[in-house]
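J.: what's the 3D shape of this:
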Amino acid sequence: MIIPKDKNKNGIIIEFKKASNLRGETIDQALESALKQIEDKKYDEELKGLGINDIVKIGIAFKGKEVLVDTV
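T.: A predicted model of the protein is given here:
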């Protein structure tokens, strides 16, 4: 999480996930899991509590050298 000093700037939440070969997980599934975790665990509540309302939520999934990035 990146918390800006200026409350008018964007706060940033980043969740990383590695696709599990043992579970046969695809990189797309890992990315969905990262974005879901941000929402399920309400990571944005801390920023909102500090008065930061513009929040960028980023999920990053990787499998070997392959990387996917998406936002909520």
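J.: which one is residue 16 nearest to, not counting chain neighbours?
T.: Closest residue in space to residue 16, ignoring its immediate chain neighbours: residue 60 at 5.0 Å, by C-beta to C-beta, 6 or more residues apart in numbering. No exception for glycine: its C-beta is placed from N, CA and C like everyone else's.
J.: Does that neighbour belong to a helix, a strand or coil?
T.: Here residue 60 is recorded as strand under DSSP: H, G, I helix; E, B strand; the rest coil.
J.: ok, now residue 46?
T.: Applying three-state DSSP: residue 46 is helix.
J.: how many neighbours does the residue nearest to it when sequence neighbours are not counted have?
T.: Nearest residue to residue 46, sequence neighbours excluded (C-beta to C-beta, 6+ apart): residue 1, at 7.0 Å. By the criterion of other C-beta atoms under 10 Å, residue 1 has 12 neighbours.
J.: Next: residue 46.
T.: Residue crowding around residue 46 was assessed by other C-beta under 10 Å; the count is 13.
J.: Likewise for residue 67?
T.: Neighbours around residue 67, by other C-beta under 10 Å: 12.
J.: how far away is the residue nearest to residue 16 from residue 17?
T.: Distance of residue 60 to residue 17, computed by C-beta to C-beta, to the nearest Å: 7 Å.
J.: Spatially nearest residue to residue 67 (excluding sequence neighbours)?
T.: Closest to residue 67 by C-beta to C-beta, 6+ apart is residue 60, at 6.7 Å.
J.: cool, residue 58 as well?
T.: The spatially closest residue to residue 58, leaving aside those adjacent along the chain, is residue 14, at 4.7 Å (C-beta to C-beta, 6+ apart).
J.: residues contacting the one you found?
T.: The contact partners of residue 14, by C-beta atoms under 8 Å, 6 or more residues apart in numbering, come to 1-2, 58-60.
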